[in-house]
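Colleague: Requesting a structural model of the entry that follows:
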Amino acid sequence: MKDLKRRDFLKTAAQSVAILGSTAVISACAADASQLSSPKAQGKSVIGLVTPKMDVVRVGFIGIGQRGAGHVKHYCHLDGVEIKAICDTDPIVIGPSVDYVTQQGFKAPDVYTGSKYSYRELLARNDIDIVIISTPWEWHTPMSVETMESGKHAFVEVPAATSLEECWQLVNTAERTQKNCMMMENVNYGREELMVLNMVRQGVFGDLLHGEAAYIHDLRWQMKEIDRKTGAWRTLWHTTHNGNLYPTHGLGPVSQYMNINRGDRFDYVTSVSSPALGRAAYAQREFPKDHARNKLNFIAGDMNTSIIKTVKGRTIMVQHDTTSPRPYTRHNLIQGTNGTFGGFPDRIALEKPPEAIAAIYEKEYQDNLTKWKAGGKKGEEPAKASFHHWDKDMSKWYEAYEHPLYVRMGAEAKRNGGHGGMDFLMMYRIVYCLRNGEPLDQDVYDAAAWSSIFPQSMASVADRSNSKDIPDFTRGMWKVAKPLGIVS
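Modeller: Here you go, the predicted structure:
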């Protein structure tokens, strides 16, 4: 961007969005061969991309509503960061974020608002290195593409794309510009997910066979957000799309366990949806009969279940349900030849536990046996631990396998918050990698592959659940890419 005049950039941006806008309406069910196969590369692979070290990471924010405002706060508590500018179409949300920045002793960021294209003024600056994008889904790919085209790194909320064409646009732009495009999948930085990744890397579960992922979260209350906030726009997606509308929260961690795009990749997906009943019933109960919410035709099945097959033959079940009255879960299950970890609640069952854990099990058995004998042998004799029963006491597992990153930064992450600290830890890692010239933990190929379940699940549902191929966004590089390491 250093040699690109602001006027020239704005003209180029307008042209690029016009192209994006004309193609975004293509139905996911009509993906042609050009979208499924690997198109000719426009640049070189960005797997393991390392960019020059940044002494200071200069940040701009596009979208500072419910998610973006939290990100602004986190960046105020990270070393080596300058918040340069923020942009939002809603002037009401801008003031609190600007005030928070100045209250922390920093210079007030410049503000861009007034129209849905005001973000281009922010992108035209040459004193911003990265852009945090927290806007409605339909803007994620266009804004990420423009961000990279402007010479900046793009960090975008989930999902990064809503069609295969958008997935390829992200990949092609990242490769052509050699800029990072990371979908900010915060769940990969949860304490449990990090621990399980560490266990997988150490072979605790044996050879991996199967995973289960989900986003099951009753969000019907968002339908009452009419003029602003997430429900104002997210509700409408349930009237236009039927499939897994939000696959990445549960899928991201399982994909990292299985080294997706780094030794294995998604091959195809098969998807089914239940009837769409819950949101219409909620609208009838909670809104006046003549309210606009009661005039909507909801088509997204309350529960969508998709099965992904990988090239190496592994399977992943991914579920989506933001409508049913049931407890929150992401499943976070990983199964191997030696046993299984399951989340919500956390539990483990292994055929051959590690020696240190086996010793704990034996001591517990001997202690229980001694108590049983001392009590006159009343009741059943204590049983030894086995894979026939879940171990729900996670304390010993955290002591043995806590991820080094969480050992170092867990307390700081919890103090700064954001879904239990995972948001802060994710932002910490982004800044750390940029300042130290290290590859990011997630790249554009992850963004494309994980997001692709959105359109391909819809295509499968619309085609009587016939399987739909998932493109190789890495163009074969998954075969040689190194798995994500256990960073400290």
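Colleague: and stretch 478-488, what's its mean pLDDT?
Modeller: Mean pLDDT, computed over stretch 478-488, is 92.
Colleague: Report the distance from that stretch to the chain centre.
Modeller: For stretch 478-488, the distance from its own C-alpha centre to the chain's C-alpha centre is 18 Å (C-alpha atoms, centre = their mean, to the nearest Å).
Colleague: ok, now stretch 121-130?
Modeller: Taking mean C-alpha positions (C-alpha atoms, centre = their mean), stretch 121-130 and its chain are 25 Å apart.
Colleague: in it, what's buried?
Modeller: For stretch 121-130, burial by neighbour count (16 or more other C-beta atoms under 10 Å) applies to 121-125, 128-130. Just so you know, the C-beta spots here come from the backbone N, C-alpha and C atoms, and that holds for glycine as well.
Colleague: Adding pLDDT and distance to residue 105, write those residues out as TSV.
Modeller: Converted to TSV, these look like this (pLDDT from 0 to 100; distance: C-beta to C-beta, whole Å):
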residue	pLDDT	distance to residue 105
121	98	26
122	98	23
123	98	27
124	98	28
125	98	23
128	98	21
129	98	21
130	98	22
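Colleague: Tell me the one of the residues you listed nearest residue 162?
Modeller: residue 123 (21.3 Å; C-beta to C-beta).
Colleague: From residue 89, how far out is that closest one?
Modeller: Plainly put, residue 123 is 15 Å away from residue 89 if you go by C-beta to C-beta, to the nearest Å.
Colleague: Name the residues of stretch 203-219 that come out as buried.
Modeller: When burial is assessed from 16+ other C-beta under 10 Å, stretch 203-219 yields the following buried residues: 204-205, 208, 211-219.
Colleague: Is residue 38 in contact with residue 470, as I believe?
Modeller: No - judged on C-beta atoms under 8 Å, residue 38 makes no contact with residue 470 at a distance of 11.8 Å.
Colleague: Which one's more surrounded, the two?
Modeller: Relative neighbour count places residue 470 above the other of residue 38 and residue 470, with 24 against 14, counting by other C-beta atoms under 10 Å.
Colleague: For the most centrally placed residue in the chain, give its distance to residue 248.
Modeller: The chain has residue 185 as the residue nearest its centroid, 2.6 Å off, counting by C-alpha atoms, centre = their mean. Relative to residue 248, residue 185 is positioned 5 Å away (C-beta to C-beta).
Colleague: Give the residues shared as contacts by those two.
Modeller: Taking C-beta atoms under 8 Å, 6 or more residues apart in numbering as the contact criterion, the common neighbours of residue 185 and residue 248 are 158, 450.
Colleague: related to what we said a few turns ago, which residues are in contact with the residue nearest to the centre of the chain?
Modeller: 158, 248-249, 252, 426, 442, 446, 450.
Colleague: measure the residue lying closest to residue 475 once chain neighbours are set aside to residue 102 for me?
Modeller: Excluding its sequence neighbours, the residue lying closest to residue 475 (C-beta to C-beta, 6 or more residues apart in numbering) is residue 38, at 4.5 Å. According to C-beta to C-beta, residue 38 and residue 102 sit 48 Å apart.
Colleague: Residue 219 too?
Modeller: Separation of residue 219 from residue 102 (C-beta to C-beta) stands at 33 Å.
Colleague: One more: residue 139?
Modeller: Spatial separation of residue 139 from residue 102 under the definition C-beta to C-beta is 27 Å.
Colleague: quick one, which of the two is more surrounded?
Modeller: Neighbours of residue 139 and residue 102, each counted by other C-beta under 10 Å, are more numerous for residue 139; the result is 19 against 12.
Colleague: for this protein, what spans make up the strands?
Modeller: In the chain, strands defined by DSSP state E lie at 57-62, 81-87, 110-112, 130-133, 153-156, 181-183, 208-216, 266-273, 304-310, 315-321, 333-336, 339-342, 347-350, 468-469, listed in chain order.
Colleague: want to throw those strands into CSV with distance to residue 257?
Modeller: Converted to CSV, the strands of the chain look like this (distance: least, C-beta to C-beta, whole Å):
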stretch, distance to residue 257
strand 57-62, 29
strand 81-87, 31
strand 110-112, 40
strand 130-133, 27
strand 153-156, 23
strand 181-183, 17
strand 208-216, 7
strand 266-273, 14
strand 304-310, 12
strand 315-321, 10
strand 333-336, 5
strand 339-342, 9
strand 347-350, 14
strand 468-469, 23
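Colleague: Just tell me which of those strands ends up closest to residue 50.
Modeller: Closest of these to residue 50 is strand 153-156, at 12.2 Å (criterion: C-beta to C-beta).
Colleague: now for the closest one, which elements pack on it?
Modeller: Contact partners of strand 153-156 among helices and strands, from 3 or more C-beta pairs under 8 Å, 6 or more residues apart in numbering; DSSP states H and E: strand 130-133, helix 140-149, strand 181-183.
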